[in-house]
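Chemist: from the sequence below, what's the structure:
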Amino acid sequence: MSDRPTRFLSGDWGTSRLRVRLVESETLTTITEADSDDGIGPTFRAWQEAGSPGDREGFYLRVLAPLVDRFRESSDVDLTSLTLVLSGMASATIGMRELPYAPAPLPLSGEGLPTARIAPGILPCETLLVTGVRTDEDIMRGEETILLGLAADGLTDALVILPGTHSKHAVVRNGILEHFHTYLTGELFALVRDHSVLRPSLAPSPTPGEAFERGVRDASSANLLGELFALRAGSVLHGTPPEENAARLSGLLIGTELGGLASDSVADLPIVVAAPEPLRSFYRSALACLDLEGRCQFIPDEAMSRVIFLGQRAILAQSASEQPPTRVSPST
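Modeler: Numbers count the residues shown, from 1 in each chain. Okay, the predicted model is just below:
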């Protein structure tokens with residue numbers, strides 16, 4: 001597209017982290033980046049502790065401002081000419097402005113995905129706030145950008161697995177996100193490891209290996225609740241090492257998440273796993289244990305950023321003719 005901006009700012013505001021990158025639009029290469037621990041969770045708590053001021057949007061933008069200001073110092077780019085495409089939790093109930101979810105089925109062209117444009121003021125650039133997607137039983141925010149990027153890169157039909165704190169399995173047919181399911185895999189692992197009676201029996205980080213693979217295979221026939229306490233019993237009675245217990249716990253949870261992929265309604269679809277290391281290695285091992293690796297494509301680390309940029313670029317293009325941006329006062 002001839003009128004495409006030559007650069008844009010890519011923002012990912014997750015629950016625990018905030019990351020902004022300056023991106024070349026055509027090559028999708030990162031020029032410079034900045035990040036912080038000012039995730040949506042801590043920012044929401046800070047807003048509450050400040051007395052929940054009415055200027056909520058401005059409060060959040062002022063958290064963003066120091067990161068954006070770093071680009072003034074590290075590049076010669078005129079920030080006033082750029083747009084910050086902000087994906088993730090910024091449009092959630094705990095974000096700066098809650099946007100309605102787009103309903104699935106959703107074309108993965110970016111069309112039909114609600115956005116909100118915020119004019120320069122507190123930030124020197126325009127901000128494009130991206131919403132999430134819903135079904136009657138499930139919700140996502142942030143993952144839709146990855147799915148749009150995969151579609152822009154040529155994906156038309158696949159079961160897309162997006163591992164993480166809340167893993168997503170998204171069914172895409174003919175370039176349309178038909179439906180998806182969320183699994184509490186990563187969060188449940190963290191809760192059991194850090195806040196349960198099993199804590200002394202578990203190592204901080206698991207590794208894929210024999211104990212992990214046994215957990216994956218056992219997940220299909222085991223009672224998960226019983227298997228969880230068996231980790232504690234094995235530690236007390238037989239001295240099972242914490243590293244082995246952590247690996248088996250990870251295998252049980254990921255095996256439970258992936259159970260049924262060979263026999264359900266998506267058995268005809270290739271499987272695309274979009275996750276950074278080390279998560280990708282765990283899912284590769286688990287899918288091999290389940291004899292599904294032949295159906296799988298794994299997106300490497302170096303391609304993950306490009307996929308996100310592709311999705312955000314598609315959203316930016318779709319938003320070009322939408323409503324004018326709202327203004328937020330720069331006053332504190």
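
Chemist: now stretch 232-248: how far from the chain's centre is it?
Modeler: Computed by CA atoms, centre = their mean, to the nearest Å, the chain-centroid distance of stretch 232-248 equals 31 Å.

Chemist: what are the buried residues along it?
Modeler: 232, 234, 235, 240, 242, 243, 244, 245, 246, 247, 248 (16 or more other CB atoms under 10 Å). In short, each C-beta sits where N, CA and C put it, glycine included.

Chemist: and for stretch 217-234?
Modeler: Neighbour counts using 16+ other CB under 10 Å place 217, 218, 219, 222, 227, 228, 230, 231, 232, 234 of stretch 217-234 among the buried residues.

Chemist: give me the residues contacting the host helix or strand of residue 86.
Modeler: Here residue 86, judged by DSSP states H and E, is contained in strand 83-88. Contacts with strand 83-88, where a contact means CB atoms under 8 Å, 6 or more residues apart in numbering, come from 5, 8-14, 20, 40, 64, 68, 123, 125-130, 141-142, 144-145, 308, 311-313, 315-316.

Chemist: show me these that map onto strands.
Modeler: 8, 9, 10, 11, 12, 13, 20, 126, 127, 128, 129, 130 (DSSP state E).

Chemist: circling back: and the strand holding residue 86, how far out from the chain's middle?
Modeler: Averaged C-alpha coordinates place strand 83-88 at 14 Å from its chain's average position (CA atoms, centre = their mean).

Chemist: neighbouring strands - and their directions - for that strand?
Modeler: Partners of strand 83-88 in the sheet, by DSSP bridges, are strand 7-13 (parallel), strand 126-130 (parallel).

Chemist: export the buried residues of stretch 232-248 to a markdown table and tack on secondary structure?
Modeler: As requested, these are arranged in a markdown table below (DSSP: H, G, I helix; E, B strand; the rest coil):
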| residue | secondary structure |
| --- | --- |
| 232 | helix |
| 234 | helix |
| 235 | helix |
| 240 | coil |
| 242 | helix |
| 243 | helix |
| 244 | helix |
| 245 | helix |
| 246 | helix |
| 247 | helix |
| 248 | helix |
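
Chemist: is residue 132 in contact with residue 146, as I believe?
Modeler: No. Using CB atoms under 8 Å, residue 132 makes no contact with residue 146, being 11.9 Å away.
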